[in-house]
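K.L.:
quick one, structure for this:
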Amino acid sequence: MNFPRAAIPVVVLCAVGGAWVGARAQTPSKAQQAASPRPARECCGYPFPRWLDAEIADGDVHRVHYEDEHVMLLEVSNPPLLDVHMHGHPFISVFAHDSDIGARNPAAPAVPPGGSGPMDPKSPYNDMGSGEGPAPQGMKWPTCTTAAPQAPHRPFNSNLNPNHFFRIEFLRVEGEDFQRHWKEWYPSMTAPVKPVKDIVRGPALGPNFSEQWPYPIVYDSIQAAPNNYRLLYENEKMRFLEVTVRPGETTPMHGHPYPTVLTFNSISGDPALVTDKKLDPASPLNGQGAGHGAAPKVLNLKAPTCSTMAPQAPHALHNGGAAPLHYYRIEYKRIDGDGFAANWKKWYPWMLYMPYMR
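P.N.:
Sure, this is the predicted structure:
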């Protein structure tokens, strides 16, 4: 699904051209001007220059933890009262949240000292058309949000807590085109894999992992189904996994011990061709009450979409379709939630020093 630049009306581009007047206060440094080209072509006719991309214009706020030719994982950290630089996002995204920004900060100025808001108030890329995915039933977090490309903007956090979340940026809009191009885009999916034996249930597997996930850790997806779950990034708070279930493949029995945001850039085909066998059919952890976020409502986008999921009991997926199942998971080893206000300085001490990096 490609969006030629010519598809964007000339009147829009002319309006964007006037935006540079509002950006004069922030000009690119020599390092920003010398930045490498974008890792992929910007989505949907996005007209703003490379030096305004978030990871270059304000890399302190947007920390890149993982990047390949398909996807980029950013940790977004905007502490209270920080002077954030003007920046934008040229790709479609999914946000994963597990905390909120709290009440208004009494020290916040009435007018941000560096200004705030979009660079070009008339840009059509100010509207991300977001789809909102609620938390799993019975939980407050995590939540997810889908977003179209976002014009340069300068948010100011006037609240007591940091605005902290993870942002997955997809470097190509795949949607239904994935069904025709997956072998070209992901040639590794066609390579043969070594079969993995299913786990035999029994006391020899060891103790249960936790009260929230009462199964031995050997059922964890990256251990039990390594051909299907690839660990891309991990720290003490979360991990980022790529999921692939090839046509005709049945995964080993495996589970997911942590609350999760699932992010989808591809539409693999008829979901009725995917079957899901449960280890414990009566378990309350079989995906009930998941939250779902629709694709952005702008630019005729059908992707990305997102879902939220509580810890999930072991199950085995079978893909009866002609294209792989392919998506990404952000799994939270710790949900910050209501403890964020009291603990963010301990959990993220580097945020305290971000004002000195301006």
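K.L.:
any idea which helix or strand of the chain has the worst average confidence?
P.N.:
helix 10-17 (a mean of 36; mean pLDDT, DSSP states H and E).
K.L.:
beyond that one, next helix or strand please.
P.N.:
Where DSSP states H and E defines the elements, the next helix or strand beyond helix 10-17 is helix 30-33.
K.L.:
after that following helix, which helix or strand is next?
P.N.:
Next along from helix 30-33, by DSSP H and E: helix 54-57.
K.L.:
figure out how far that following helix is from the centre of its chain.
P.N.:
17 Å (CA atoms, centre = their mean, to the nearest Å).
K.L.:
and that helix, what does it pack onto?
P.N.:
strand 62-67, strand 71-78, strand 87-89 (3 or more CB pairs under 8 Å, 6 or more residues apart in numbering; DSSP states H and E). All C-beta atoms are positioned from the backbone trio N, CA, C, and that covers glycine.
K.L.:
pLDDT of the last one, averaged?
P.N.:
If I follow you right, that is strand 87-89. Per-region confidence: strand 87-89 scores 98 on mean pLDDT.
K.L.:
and the longest one, by the same measure?
P.N.:
Strand 71-78 shows an average pLDDT of 98 in the prediction.
K.L.:
now the helices for this protein?
P.N.:
All helices of the chain, identified by DSSP state H, fall at 10-17, 30-33, 54-57, 178-185, 221-224, 340-347.
K.L.:
residues making contact with the fifth one?
P.N.:
Residues from elsewhere that reach helix 221-224, judged by CB atoms under 8 Å, 6 or more residues apart in numbering: 196, 199, 217-218, 228-231, 241, 252-256, 314.
K.L.:
how much space separates the closest residue to S268 other than its chain neighbours from I267?
P.N.:
Using CB to CB, 6 or more residues apart in numbering and skipping residues adjacent in sequence, the residue nearest S268 is A323, 4.8 Å away. Note on A323: its distance to I267, by CB to CB, to the nearest Å, is 9 Å.
K.L.:
which neighbours do the two share?
P.N.:
Between them, A323 and I267 share these contacting residues under CB under 8 Å, 6+ apart: F178, Q179.
K.L.:
and those two? Which one has more around it.
P.N.:
A count of neighbours by other CB atoms under 10 Å puts A323 above the other of A323 and I267, at 21 against 18.
K.L.:
quick revisit: okay, the helices and strands packed on helix 54-57 in JSON lines with mean neighbour count and distance to K333 next?
P.N.:
Converted to JSON lines, those look like this (neighbours: other CB atoms under 10 Å; distance: least, CB to CB, whole Å):
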{"stretch": "strand 62-67", "mean neighbour count": "16", "distance to K333": "14"}
{"stretch": "strand 71-78", "mean neighbour count": "20", "distance to K333": "14"}
{"stretch": "strand 87-89", "mean neighbour count": "25", "distance to K333": "26"}
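K.L.:
compare those strands and give me the one nearest F156.
P.N.:
When the helices and strands packed on helix 54-57 are compared for distance to F156 using CB to CB, the nearest one is strand 71-78, at 8.5 Å.
K.L.:
which neighbouring elements make contact with the closest one?
P.N.:
Using 3+ CB pairs under 8 Å, 6+ apart, strand 71-78 sits against helix 54-57, strand 62-67, strand 163-170.
K.L.:
other residues contacting it?
P.N.:
39, 54-55, 60-67, 84, 91, 95, 155, 157, 162-171, 232-233, 240, 242, 265, 328, 348, 351, 354.
K.L.:
now with 6 Å?
P.N.:
61-66, 84, 157, 162-170, 233, 240, 351 (CB atoms under 6 Å, 6 or more residues apart in numbering).
K.L.:
would you show me how to pick out the buried ones of these in ChimeraX?
P.N.:
Burial among the contacts of strand 71-78 is assessed by 16 or more other CB atoms under 10 Å; the matching ChimeraX selection reads:
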select :61,62,84,157,162,163,164,165,166,167,168,169,170,240,351
